[in-house]
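**Q** Quick one, structure for this:
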Amino acid sequence: MSQAKQIAEIILKGFRRHFNLFQAITAKAKQRFELADWRAFQQDSSERISFYDQRVIEAIAQLATALPSQCLNETLWQQVKQHYIEFLAFHPQAELAETFYNSVFCQLFERKYFHNQNIFVESTLSKQHLPAPIASVYDSYFPSQDGLKQTLRNIVASFGFITPFINLDRDIRLIVKSFVTQSAHGEQPVYQIRFDILKSVFYRNKAAYIVGRAVTPNGQQPFIIPVLHREGAGLFIDTLVTDAKQMTIIFGFSRAYFMVATQVPSALVHFLRELLPHKTLAELYASIGLHKQGKTEFYRELLSHLHSSNDQFLAAPGVRGMVMMVFTLPSFPYVFKVIRDKFAPSKEFGRETVKARYLLVKKHDRVGRMADTLEYSYVALPKNRFSPELLAELQQTIAESMCIEDDLVIIKHLYIERRMIPLNLYLEQASLEEKTHIMDDYGKAIKEMIGANIFPGDMLLKNFGVTRHKRVVFYDYDEVQYMLDVNFRRFPKTDNYEDALFAEGIICAAPGDVFPEQMATFVTPQPQIKQLLFSKHPELLDAAYWREKQHNIRSGVVEDIFPYPDKIRFYHHYNETQG
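**A** All right, here's what the predicted structure looks like:
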């Protein structure tokens, strides 16, 4: 066997080990759901984030053991890539295996070697003209054979839930009624309906999601059916989601990745893209836990966009951050964040702390309120796409994290997030009705994060964004901590001014102390905005409320946070029945 072929086999073997371990921990999600073991589910989800990097390190170690040091030459590795391409013909996870190859190569070689002759900057799969086996990931059901209600029972039964349903007949009736009400195509005769249902259940947090579409002569209606587990009682179907906006939010960038088993990820993603056409390949791969593939697809999308556009990178609108320098490309809906060389004096931590806190958020349940980040090293961007003003500011603020090579700006460490309207800027242009809604949602965002053991730290409005769906999402993680690492205190109550100052000074000196009452002072100076917030969420000013959240976390309580509105849930039917 040639040395090039041996290298290719070692890398592919490393990928195979990664994917098998990834699938094994993903497969545990069904059991965790059946047992209502939510803490174990969270642990699995967090651990899975690190699997990929661990396997890349293992593959590199095996290469170092098996091969001499002189194997690091470019000509040899171009032969390695050709052997690898041959191995991937008809491989069910070929696109993922390409990304794994890239990761190994980029750990071994300098950035100047990162081009398409050596790595898969462009995927070879599109050139093979092999159709994605989309039909392999879903089953079709025909109500004309068994009737609509029995077909829905068959769909639910196909997933083999061991825990019984509380009242599946009632759930089925509610689904039928809801589908007729929500369907864009109205009520169809059963002989004109086909259901295409993904074979894999999507598990996240405390829910299992059945995903599919109803196909009729008038078109298709995508839908999602959330199944919940009421501990001590059994399973129940919570609602039927058919609204495109709500489905997009369920698969949103501010939520934890799904645990969903699949042997052919490309087929699953292509099916999802037919249901959610506004989602990119990068977003969909990330949503099913394949975040490294999401990074690969995003980088290709960025390169394609740079090729087809001509606007320039500019400093992102809003108040300049004290830790991150943020810039954006107006025609591209993302922001690019680089850690500053020097922080403001009030930030008593360094670069490694910032990186650790961004990783903390990556591995945590983001409960729909914290933006996902894509983290890259040594990203090359065309120098002529940077405005002179931005380039000058970058050279002043992040010189240690960038360099200029010929016509390229090289960013050594970069975070990329979805662009949102900073909340403080949104409020400047909002109507009273919009302000009322968005400040209520800001309060909900705070409550949902702290219920999930995340203390945002700096809760200034500029650190939150408003999505296109008018949801408030947190995006500034340099002061994030676990709730259990914070000591929530009340200000001392005294009628003596000097005693109050003395007591306050003593208490404030304690590390980790936080005074929720300060939110009324520091979140915003605008009386109207304060009133809109605290009229709906007065408990945020009460240290006892925050301590209660800590108690719940210590007691193992995992709060319910639904990625769809209460008004469409079926829960009130259960309440009526339960009395």
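**Q** tell me the mean pLDDT over the helix or strand encompassing Q528?
**A** Counting by DSSP states H and E, the element that carries Q528 is helix 527-536. Along helix 527-536, the predicted confidence averages to a pLDDT of 95.
**Q** just checking, next helix/strand downstream of it?
**A** Heading C-terminal from helix 527-536, the first helix or strand you meet, by DSSP H and E, is helix 543-554.
**Q** Check which helices and strands that next one sits against.
**A** helix 432-451, strand 487-488 (3 or more C-beta pairs under 8 Å, 6 or more residues apart in numbering; DSSP states H and E). Every residue, glycine included, has its C-beta placed from N, CA and C.
**Q** by how many degrees do the longest one and helix 527-536 diverge?
**A** Using axes from the mean of the first three to the mean of the last three C-alpha atoms, to 10 degrees, one finds that helix 432-451 and helix 527-536 are set 50 degrees apart in direction.
**Q** in helix 432-451, what's buried?
**A** The neighbour-count criterion (16 or more other C-beta atoms under 10 Å) identifies 435-436, 438-451 as the buried residues of helix 432-451.
**Q** Quick one: mean pLDDT for that helix?
**A** The average pLDDT within helix 432-451 is 97.
**Q** Stretch 389-408 now?
**A** Stretch 389-408 shows a mean pLDDT of 96 in the predicted model.
**Q** so how many other residues sit close to the residue lying closest to A40 once chain neighbours are set aside?
**A** Spatial nearest neighbour of A40, chain neighbours left out: R32 (5.4 Å); criterion: C-beta to C-beta, 6 or more residues apart in numbering. Other residues within reach of R32 by the criterion other C-beta atoms under 10 Å amount to 20.
**Q** Which helix or strand lies directly C-terminal to the host helix or strand of R32?
**A** Per DSSP H and E: R32 is located in helix 3-34. Using DSSP H and E, the helix or strand that follows helix 3-34 in sequence is helix 38-49.
**Q** Centre of the chain to that following helix, how far?
**A** 14 Å (C-alpha atoms, centre = their mean, to the nearest Å).
**Q** Send me the next helix or strand after it as PDB with only the CA atoms.
**A** Scanning forward in sequence from helix 38-49 by DSSP H and E, the next helix or strand is helix 51-66. Listed in PDB are the C-alpha atoms of helix 51-66, where the atom choice follows Å, rounded to 0.1, in the frame of the first residue of the first chain:
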ATOM      1  CA  PHE A  51     -16.600  14.800  20.200                       C
ATOM      2  CA  TYR A  52     -15.400  16.100  16.900                       C
ATOM      3  CA  ASP A  53     -12.300  17.900  18.100                       C
ATOM      4  CA  GLN A  54     -11.300  14.900  20.200                       C
ATOM      5  CA  ARG A  55     -11.400  12.500  17.300                       C
ATOM      6  CA  VAL A  56      -9.400  15.000  15.100                       C
ATOM      7  CA  ILE A  57      -6.700  15.000  17.800                       C
ATOM      8  CA  GLU A  58      -6.700  11.200  17.900                       C
ATOM      9  CA  ALA A  59      -6.400  10.900  14.100                       C
ATOM     10  CA  ILE A  60      -3.400  13.300  14.100                       C
ATOM     11  CA  ALA A  61      -1.800  11.300  16.900                       C
ATOM     12  CA  GLN A  62      -2.200   8.100  14.900                       C
ATOM     13  CA  LEU A  63      -0.700   9.700  11.900                       C
ATOM     14  CA  ALA A  64       2.300  10.800  13.900                       C
ATOM     15  CA  THR A  65       2.800   7.300  15.200                       C
ATOM     16  CA  ALA A  66       2.300   5.500  11.900                       C
END
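**Q** counting contacts, what elements does helix 51-66 pack onto?
**A** Under the contact criterion of 3+ C-beta pairs under 8 Å, 6+ apart, helix 51-66 touches helix 3-34, helix 94-108.
**Q** show me where pLDDT drops low in the stretch 51-200 of the chain?
**A** In the prediction, the stretch 51-200 of the chain carries residues with pLDDT under 70 at positions 69, 127-132, 183-191.
**Q** Would you map the helices across it?
**A** Counting by DSSP state H, counting those that start in this stretch, the stretch 51-200 of the chain forms helices over residues 51-66, 74-87, 94-108, 125-128, 143-146, 148-157, 168-182, given from the N-terminal end onward.
**Q** what does the stretch 201-350 of the chain give?
**A** In chain order, the stretch 201-350 of the chain shows helices spanning 244-250, 265-275, 281-287, 291-308, with DSSP H, counting those that start in this stretch as the criterion.
**Q** quick check: mean pLDDT across stretch 310-329?
**A** Mean per-residue pLDDT for stretch 310-329: 95.
**Q** What residues of it count as buried?
**A** Neighbour-count burial for stretch 310-329, with 16+ other C-beta under 10 Å as criterion, is recorded at 312-313, 316, 318, 321, 323-329.
**Q** can you check stretch 522-529 too?
**A** Residues of stretch 522-529 classed as buried: 523-524, 529 (neighbour count, 16+ other C-beta under 10 Å).
**Q** and which of those residues is nearest A94?
**A** Looking at the buried residues of stretch 522-529 and their distance to A94, the nearest is V523, at 49.4 Å (C-beta to C-beta).
**Q** Leaving out sequence neighbours, find the closest residue to that closest one.
**A** On the basis of C-beta to C-beta, 6+ apart, the spatially nearest residue to V523 that is not a chain neighbour turns out to be M459, at 5.7 Å.
**Q** F343 now?
**A** Of all residues apart from its sequence neighbours, V323 sits closest to F343 (C-beta to C-beta, 6+ apart), at 5.4 Å.
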